[in-house]
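# Can you look at this prediction? I've put the sequence above it.
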Amino acid sequence: MTNPVVQKVNPMLTEERAKASFPVEELTYILDGGKFNTEKRREIEELVTKDPNFEHPPIQFMTREQQYSLAVKKALLVQQRLKELDMLDDPYASYFFRRIAMPREVSPIGLHWVMFVPTLMGQCSDEQRERWLQRALNYEIIGTYAQTEMGHGTFLRGIETTATYDPSSQQFVLHSPTTTSIKWWPGGLGKTCNYAVVVAQLHTQGRCHGVHMFLVQLRDESTHRSLPGVVCGDIGPKMGYHTIDNGFLQLNSVRIPRENMLMRNAEVQPDGTYIRRVSNEKLTYGTMVFVRSLIVSDAARGISEAATIAVRYACVRRQGEPSSPGAPEPRLLDYPVHQYRLLTCVANCYGLWFASEVLRDLYFTVQPDVLEGRTERLPETHALSAGLKAVGSNRGAACVEECRRCCGGFGFSEASGLPKIYNDINPACTYEGENTVMLLQTGRHLLKCVERARRGEQLAPSDAYIRSRPTPQPKLAGGPLTADLLLGWLRWRSLSMLLEVSGRFNSFIEQRQAWADAFQAVSRRLTRCAEAHCILYVGQAFLDSAKAAENPKICGVLTSLCRLFLLNEVVSGAGDVQLSRSDLARCQDAIDSLLTELRPNAVALVEAFDLPDRMLCSVIGRYDGQVYEAMLQWARQSPLNATDVHESYELYTRQFLAGRSLAKL
Ligand SMILES: CCCCCCCC/C=C\CCCCCCCCCCCCC/C=C/C(=O)SCCNC(=O)CCNC(=O)[C@H](O)C(C)(C)COP(=O)(O)OP(=O)(O)OC[C@H]1O[C@@H](n2cnc3c(N)ncnc32)[C@H](O)[C@@H]1OP(=O)(O)O
Ligand SMILES: Cc1cc2nc3c(=O)[nH]c(=O)nc-3n(C[C@H](O)[C@H](O)[C@H](O)COP(=O)(O)OP(=O)(O)OC[C@H]3O[C@@H](n4cnc5c(N)ncnc54)[C@H](O)[C@@H]3O)c2cc1C
């Protein structure tokens with residue numbers, strides 16, 4: 001892809017940039033986690049931008065095979081460059097290198113570093129780590145995470161692949177006994193990877209011990225041919241993710257050494273004796289907790305890209321009745337309803353951005369304990385990563401779609417970059433746990449928290465507001481609608497909803513319903529409770545970050561944006577609890593005032609994300625705002641325009657116009 005040549009900047013954008021009330025660069029440092037990171041990121045961006053090896057025509061004009069091939073080349077080239085630059089051990093640097101080098105190509109080896117390596121880190125015994133981790137980190141082997149099967153994705157315990165231990169050879173026999181047991185979906189499994197962590201039901205000494213993980217070699221390390229008993233391939237085109245070979249895998253009695261079972265938490269001894277080292281069997285699901293926490297920040301990044309495009313476009317696109325004769329047509333951003341659509345997306349983006357940082361810190365605080373088998377904070381971490389993954393990707397997809405629609409017809413063109421951002425974020429609602437299922441996990445945890453509160457037990461920090469009795473509703477009438485007050489109201493809303501659902505649940509239990517049936521009976525309501533709980537977490541993280549900003553101007557603009565986020569939640573969640581008409585009207589008025597207040601900072605707020613044109617890949621979101629010329633240039637690249645008369649004319653249209661039958665052709 002070629003970076004668009006920066007032309008003379010559209011004066012309408014220059015004008016909007018001049019309106020910023022705060023130092024944009026300083027906000028960028030905050031978002032990056034410090035000036036040092038910003039500088040490092042920019043250095044990396046420059047390195048990649050200068051490297052002609054990463055340049056190519058837009059992938060949207062390529063076939064799927066071409067896209068896949070290009071993505072493999074670029075992904076491997078990235079690894080080579082990272083090694084040459086000695087950046088492999090720096091996760092921040094290598095992450096940004098990958099992003100800027102492959103901004104719109106989901107990597108065919110992405111699963112290797114997002115799931116395969118983390119699984120080896122979390123599930124291997126120390127000795128197994130020695131054996132495999134370094135090879136994986138050096139990319140001597142390329143792996144994926146093969147859990148989902150045709151028949152089972154959500155219900156993990158229903159997985160059918162078997163790993164049966166044979167003590168005579170001290171091997172496991174990996175087998176797909178049915179069509180529905182064929183692994184389906186794993187990224188890079190089809191063509192790219194030569195190893196996989198395979199999730200299978202462990203059988204030994206005549207007993208099944210549930211799902212465990214096994215390292216399975218799929219392809220020969222020198223020829224890349226699939227090994228005997230291994231049948232694998234690509235699952236075909238999808239709604240997006242064209243550059244990645246999500247694959248299928250059928251295992252026909254494939255034998256692997258006993259030592260290839262990942263044995264950090266459980267072990268099968270040479271004679272077949274099964275030993276569980278830690279009691280919590282859900283530790284096997286640890287990689288998913290990690291990736292779910294990453295998805296929240298990925299969703300925020302997706303919105304940041306879409307919002308940058310849509311806000312810039314809204315500054316340069318004029319359409320509508322001029323306010324007076326001879327005046328120019330209004331810009332899209334002059335319409336209050338357009339401001340509302342875009343600024344609420346920006347507010348969601350900042351909220352999720354800050355919440356993802358808090359969640360990642362929590363994960364990395366808790367993880368060392370978990371690795372040592374101390375799992376006290378695991379339920380909170382699981383509930384938050386599951387719920388925030390769902391809320392983050394739901395919001396991410398919704399906001400990107402809103403930004404796309406805000407760009408009218410151009411938003412539907414691949415030239416805008418928006419369809420691709422949407423298609424990259426949308427599958428996150430499904431993978432790593434379908435969102436409704438994830439909200440139910442959070443809801444289940446919250447129900448248990450109410451029970452613990454009733455017993456007077458201490459709750460984890462993010463659950464500490466949960467009581468067994470209702471609290472009075474904070475008054476929204478009277479004083480100013482501060483962020484603290486609004487957050488207090490959302491806390492009350494979350495607790496009220498939860499107590500209501502918990503009351504219903506208990507009444508079903510008192511009527512002697514089974515726990516699982518009572519759970520199903522409240523499940524619809526429980527997903528709303530989980531969302532309310534997660535939104536509270538996002539709001540708290542947002543407000544804490546706003547308050548922590550040292551520059552008062554940044555603190556001011558972030559607090560206003562946070563208030564917009566919170567007010568929008570109060571208004572849209574008013575139906576879940578009792579909110580008086582007058583309180584609702586006050587909140588609506590406050591939203592209108594905030595839109596007027598924030599509008600001059602709209603461009604500054606998105607440009608603080610500091611996304612170069614190379615990253616946005618958008619004709620209408622360019623830094624220079626020269627949209628129309630660039631759009632024409634883009635269309636000229638369409639392969640359909642290679643000749644004036646397309647071959648289909650000679651083949652079909654000419655025959656049709658001459659009245660000849662097309663059926664024989
Ligand atoms: C890399 C370094 C980064 C460094 C950072 C540098 C800075 C850079 C900045 C940002 C980085 C961003 C990076 C961006 C990249 C992110 C992009 C991500 C792209 C990833 C591509 C992913 C591709 C997709 C992969 C997959 O989809 S893999 C397959 C995933 N599958 C699922 O998720 C299945 C969903 N199902 C389940 O999880 C479970 O089956 C279940 C629904 C939870 C139910 O399980 P079951 O066993 O039936 O449960 P029960 O027996 O009923 O027990 C419930 C019980 O267990 C507890 N539980 C459940 N899960 C967990 C868990 N995971 N952990 C702990 N506990 C768990 C649950 O709470 C219950 O507990 P109680 O009984 O006590 O109530
Ligand atoms: C792009 C992409 C990449 C993927 N990559 C990988 C990978 O690398 N490795 C891997 O192992 N897997 C991967 N997956 C698979 C993914 O994890 C599963 O698709 C996902 O977990 C959902 O499982 P499922 O497809 O079986 O859906 P189902 O479980 O069949 O869900 C269908 C619908 O039923 C609902 N539902 C299911 N169970 C319940 C319930 N108990 N209560 C209420 N509603 C329910 C769900 O909410 C959903 O709407 C990937 C998927 C995609 C789309």
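Yep, that arrived. Numbering: from 1, shown residues only. Ligands and ions are numbered 1, 2, ... in the order given.

# all helices in the stretch 251-400 of the chain, in order from the N-terminus.
Listed from the start of the chain, the stretch 251-400 of the chain has helices (DSSP state H, counting those that start in this stretch) covering 286-316, 336-371, 378-406.

# Columns distance to residue 530, mean neighbour count and mean pLDDT on top of those helices, output as a markdown table?
The way it works is simple: take the backbone N, C-alpha and C, and place the C-beta from them, glycine included. Converted to a markdown table, the helices of the stretch 251-400 of the chain look like this (distance: least, CB to CB, whole Å; neighbours: other CB atoms under 10 Å; pLDDT from 0 to 100):
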| stretch | distance to residue 530 | mean neighbour count | mean pLDDT |
| --- | --- | --- | --- |
| helix 286-316 | 14 | 25 | 96 |
| helix 336-371 | 15 | 21 | 96 |
| helix 378-406 | 5 | 25 | 97 |
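
# among those, which is nearest residue 644?
Nearest to residue 644, of all the helices of the stretch 251-400 of the chain, is helix 286-316, at 31.3 Å by CB to CB.

# thinking again about what came up before, generate TSV for the helices of the stretch 251-400 of the chain, with distance to ligand 1 as supplementary columns.
Formatted as TSV, these follow (distance: least, CB to the nearest ligand atom, whole Å):
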stretch	distance to ligand 1
helix 286-316	4
helix 336-371	7
helix 378-406	4
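
# What's the end-to-end length of stretch 254-265?
This stretch, stretch 254-265, spans 24 Å end to end (CA to CA, to the nearest Å).

# Is it positioned near ligand 1?
No - judged by CB under 6 Å from any ligand atom, stretch 254-265 stays clear of ligand 1, getting no closer than 12.2 Å.

# So for residue 640, which of the helices of the stretch 251-400 of the chain sits nearest?
Across the helices of the stretch 251-400 of the chain, closest to residue 640 is helix 378-406 (CB to CB), at 23.2 Å.

# then the following helix or strand past that closest one to PDB, C-alphas only?
Using DSSP states H and E, the helix or strand that follows helix 378-406 towards the C-terminus is helix 418-425. Output of helix 418-425 as PDB, limited to C-alpha atoms (Å, rounded to 0.1, in the frame of the first residue of the first chain):
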ATOM      1  CA  LEU A 418     -14.300   1.500   7.200                       C
ATOM      2  CA  PRO A 419     -15.700  -1.800   5.800                       C
ATOM      3  CA  LYS A 420     -12.400  -3.500   6.600                       C
ATOM      4  CA  ILE A 421     -12.200  -2.000  10.100                       C
ATOM      5  CA  TYR A 422     -15.800  -3.300  10.700                       C
ATOM      6  CA  ASN A 423     -15.000  -6.700   9.300                       C
ATOM      7  CA  ASP A 424     -11.900  -7.000  11.500                       C
ATOM      8  CA  ILE A 425     -13.700  -6.000  14.700                       C
END
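
# The helix or strand following helix 418-425 and ligand 1 in contact?
Per DSSP H and E, the first helix or strand lying C-terminal to helix 418-425 is helix 435-454. Yes - using CB under 6 Å from any ligand atom, helix 435-454 comes into contact with ligand 1 via 437, 441, 444, 445, 448.

# do stretch 212-220 as well
No - using CB under 6 Å from any ligand atom, stretch 212-220 never reaches ligand 1; the gap is at least 12.0 Å.

# how about that stretch, does it get close to ligand 2?
No - on the criterion CB under 6 Å from any ligand atom, stretch 212-220 is out of touch with ligand 2, staying 11.3 Å away.

# For whatever residue of the stretch 101-250 of the chain ends up closest to ligand 1, which non-adjacent residue is spatially closest?
Ligand 1 sits closest to residue 156 of the stretch 101-250 of the chain, with a gap of 3.4 Å, by CB to the nearest ligand atom. Closest residue to residue 156 apart from its sequence neighbours, by CB to CB, 6 or more residues apart in numbering: residue 211 at 6.0 Å.

# quick check, that neighbour in a strand?
Yes - assessed by DSSP: H, G, I helix; E, B strand; the rest coil, residue 211 belongs to a strand.
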